[in-house]
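>>> give me a model of this one.
(2 chains)
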Amino acid sequence: MELAKTIVSFISSMLQFGTPIILAGLGGVMCENAGVVNIALEGIMRMGGFFAVLGAYMSSTKIDPILGGKNPLAGNPWVGILFAIGIGILVGLLHAYISVSLRGNQIVSGVAINVFALGGMTFFLERYFNTTGHSPSVASFMNKPLLPHLAKLPVVGELFEAMNIFVFLALILPFVIHFYLYYTPWGLRHRSVGEHPKAADTLGINVYLVRYLAVIASGILAALAGASMSIGQLDLFDNHMPAGLGFIALAAMIFGKWTPIGTFFAALFFTLATVVQIYIQTSAPQLLNIIPRGFFLALPYILTLLVLAGFVGRATPPAADGIPYEKGEKL
Amino acid sequence: MKGLNFLNDILVWWNNKKEEISSFLVPIISIIVAFLVAAVMIKATGKNPWAAYKLLFEGAFGSSFKEFFSLKEAGEGFLKGSILTLTGLSVAVAFRVGLFNIGAEGQFIMGAIVAAYLGFKLNMTPWIDIPLILIAVIIVSGLYAAFAGWLKITRGVHEVITTIMLNWIAVHLVENWIVVGPFNIQRYRPEAILAGTPYVKEASRLKPFFQGTRLNGSIIIAILAVIFVYILMNRTVLGYEIQATGKNPDAARYSGINTAKTMLVAMFISGALAGVSGACMILGTEGHYPGVFRPGYGFDGITMALIGNNTAIGTLLSSMFFGFVRAGATGMQLIGIHKTFADIIQGVATLFVAGQVGIKYLLFKIGEKKVIKEEAQSGVS
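I've put the predicted structure just below:
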């Protein structure tokens, strides 16, 4: 019984920590399977995280009785999700415009979005909350299980207690996207655009449209990943967010060989390193003298490198990944 | 009709030179647009963009000529510009050989930690210490970058992914192992309350040139690096091979260039430059490797190289420009605009550089249409 409890609490913290990585990783899967590289995941997560908090804050109509001004806790977190989706669509459109319509350098565009997110969100944080540290606490999905009745169950209850809307999405979407990509005609079109856009174009598929939609979907997913950190795991936006999780998501996508379910398990595997490290820190800190903390934190990246180098399996990206497509271009 | 011919001459000249001209017109347009976009953002937050930019200017250059020449404010801009120049050159060299070195940040960190360690261990004279440290930094950071190049050549792994991974490996191993473990200050001085590594010995420090400024030897190192990269790219066989490999690797290989070796050497140089940048920060302003050290200059190097069009001089100019923007942004805090405002300008400018196909298209179109019109007219007459 003790063991079962430990395992359940392990899985539940893995799901919680893994949610942003899974969602952002799926964003990467959508984008890159259509042939557009998206290293802006980190930046879009940051924007999504901030705008989710902003949305939850703005939706509050009640006045704080003590401090005056808006009562940040009286808002509606669903508005936060809408805000995050909105900014995801906008940034996705921008990235798509540069990399699909202008045929610009996709990596440069991604770097630019990341740099902008870094300064821009600090700017907005100062503008709306007069701070550069973290926003005030807002209405959130923190500790709000989606299925509160199941949370009362013995042993497995903890699993459902941790499951808010974001964790639920992270559990469901990998399979939904898997079904979409491999079992629907739209999914076939989606992948064909990433593998061989010329052939897809010849068959009458609108390459630009598919790529636009894929990049926008990727923006939405990455923004939701950011929201899952700010109004899912916590109830505020911290200026350090997302602290490199966007890049871990990128690694998870590669480790999962550009497939949704692979990405899901890779993300969980990566969070295992984090959870084990936290577990050791709280219950056996002397072990950290032998294996330093940095090693656990670096492990996901080291493993991804090994996979990429072909020492552990082989990872091949979609054939046309990162290559802009020009209609009518002669090969 | 003489006037028209004159106009036509200009347009013909424009059409011949437009590639070259637009290569420096695009960054300038991008920066101007970035400042306009940022002004709209400032305006939208209810502040006065004009006042903000005035503060930015004064923060960067000082409010009078006297202050400018005493380097009180301007020294900071030159200092930041020097660090940016080094990481910018790092990314630029890799770009020229056709590789995208996003890992400048990781190589920067590796250089910084090596400099922090040796700076603490060595204690001779600056003329021996500093070159020794820089050589060690060049080797370590160079190899760290060359590893990504090696993976690309032998295993065909895209360098963007490997360098991102290597960045985070460096960050975590250095921050959560080396700095808190083997090199921690408390190992040497248990009474210390500071986080980070022990302080670098006096003999290894890059000291400020004079009182009242933080500007130090970094600028000399940066300028030497610019000269090095300029000569390498424009006057040496290796530079020629690097550019040939970057433009068309297949053609380069068939013409007898060992492209694999060229890529490795270029990545080594690239990493070395980023590492030297990190070393300059440790030996200069920081004095030791702090507990948390993520200044982001490695990532900024990418934007510097892009805006500087991947040339040595261009990178120097864009880095110095943004060095001053960063130094000046500190002054904007007076009216409640955080200093990361500089990132907004950088980000937006880079977005426009990324979409430069669009800007160029517009620039070219202006020329083309008119020339055709002129030609048609002269054909009639």
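>>> count the residues that sit near residue 49.
You didn't say which chain, so I picked chain A. Residues near A:Gly49, counting by other CB atoms under 10 Å in any protein chain shown, number 33. For the C-beta atoms, the positions are set from N, CA and C on the backbone; glycine is no exception.
>>> I was after chain B.
When neighbours are counted by other CB under 10 Å, B:Pro49 registers 19.
>>> and the closest residue to it other than its chain neighbours, what does it touch?
Nearest residue to B:Pro49, sequence neighbours excluded (CB to CB, 6 or more residues apart in numbering or on different chains): B:Ala39, at 3.8 Å. With contacts defined as CB atoms under 8 Å, 6 or more residues apart in numbering or on different chains, B:Ala39 is in contact with B:49, B:52-53.
>>> name the element B:Asn101 belongs to?
For B:Asn101, there is no enclosing helix or strand under DSSP states H and E.
>>> and it, how far is that from chain A?
Going from B:Asn101 to chain A by CB to the nearest CB, to the nearest Å gives 11 Å.
>>> give me the element the nearest residue to that residue once chain neighbours are set aside is part of.
Distances taken as CB to CB, 6+ apart put B:Ala94 closest to B:Asn101, at 3.6 Å, once the chain neighbours are dropped. Element membership for B:Ala94, per DSSP H and E: helix B:74-96.
>>> how many residues are close by residue 98?
I went with chain A, as the question did not name one. For A:Ile98, using other CB under 10 Å, the count is 27.
>>> nope, chain B please
Close neighbours of B:Gly98, defined as other CB under 10 Å, add up to 21.
>>> pull the contacting residues for it.
Neighbouring residues of B:Gly98 by CB under 8 Å, 6+ apart: B:245-247, B:249, B:263.
>>> my guess is B:Met111 contacts B:Leu143. True?
Met isn't right for residue B:111; it's Gly. No: using CB atoms under 8 Å, B:Gly111 makes no contact with B:Leu143, being 11.4 Å away.
>>> in terms of neighbours, single out the busier of the two.
B:Gly111 (35 against 17).
>>> any idea how far the one helix or strand that one maps to is from the chain center?
Per DSSP H and E, B:Gly111 falls inside helix B:104-121. The chain centre lies 18 Å from the centre of helix B:104-121; the measure is CA atoms, centre = their mean, to the nearest Å.
>>> cool, stretch B:114-134 as well?
24 Å.
>>> next one: stretch A:160-176
On the basis of CA atoms, centre = their mean, stretch A:160-176 sits 13 Å off its chain's mean C-alpha point.
>>> C-alpha coordinates for that stretch, CSV please?
Provided in CSV are the C-alpha atoms of stretch A:160-176 (Å, rounded to 0.1, in the frame of the first residue of the first chain):
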residue,chain,number,x,y,z
PHE,A,160,-7.1,13.0,-10.1
GLU,A,161,-6.4,15.6,-7.6
ALA,A,162,-3.5,16.9,-9.6
MET,A,163,-5.5,16.7,-12.9
ASN,A,164,-6.6,20.1,-13.8
ILE,A,165,-7.7,21.1,-17.3
PHE,A,166,-4.1,21.4,-18.6
VAL,A,167,-3.0,18.1,-17.3
PHE,A,168,-6.1,16.6,-18.9
LEU,A,169,-5.3,18.2,-22.2
ALA,A,170,-1.7,16.9,-22.0
LEU,A,171,-3.1,13.4,-21.4
ILE,A,172,-5.6,13.5,-24.3
LEU,A,173,-4.1,15.6,-27.0
PRO,A,174,-1.1,13.3,-27.8
PHE,A,175,-3.6,10.6,-28.8
VAL,A,176,-5.9,13.0,-30.6
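>>> how about the CA coordinates for the helix holding B:Ala94, as PDB?
This file holds the C-alpha atoms of helix B:74-96, laid out as PDB (Å, rounded to 0.1, in the frame of the first residue of the first chain):
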ATOM      1  CA  ALA B  74      29.700  56.100 -23.000                       C
ATOM      2  CA  GLY B  75      32.100  53.700 -21.400                       C
ATOM      3  CA  GLU B  76      29.300  51.400 -20.400                       C
ATOM      4  CA  GLY B  77      28.000  51.300 -24.000                       C
ATOM      5  CA  PHE B  78      31.500  50.500 -25.300                       C
ATOM      6  CA  LEU B  79      31.900  47.800 -22.700                       C
ATOM      7  CA  LYS B  80      28.600  46.100 -23.500                       C
ATOM      8  CA  GLY B  81      29.300  46.600 -27.200                       C
ATOM      9  CA  SER B  82      32.600  44.800 -26.800                       C
ATOM     10  CA  ILE B  83      31.100  41.700 -25.200                       C
ATOM     11  CA  LEU B  84      28.400  41.700 -27.900                       C
ATOM     12  CA  THR B  85      30.900  42.100 -30.600                       C
ATOM     13  CA  LEU B  86      32.700  38.900 -29.500                       C
ATOM     14  CA  THR B  87      29.600  36.700 -29.400                       C
ATOM     15  CA  GLY B  88      28.300  38.400 -32.600                       C
ATOM     16  CA  LEU B  89      31.600  37.500 -34.400                       C
ATOM     17  CA  SER B  90      31.300  34.000 -33.100                       C
ATOM     18  CA  VAL B  91      27.900  33.500 -34.700                       C
ATOM     19  CA  ALA B  92      29.000  35.400 -37.800                       C
ATOM     20  CA  VAL B  93      31.900  33.100 -38.500                       C
ATOM     21  CA  ALA B  94      29.700  30.000 -38.100                       C
ATOM     22  CA  PHE B  95      27.200  31.600 -40.500                       C
ATOM     23  CA  ARG B  96      29.800  32.200 -43.100                       C
END
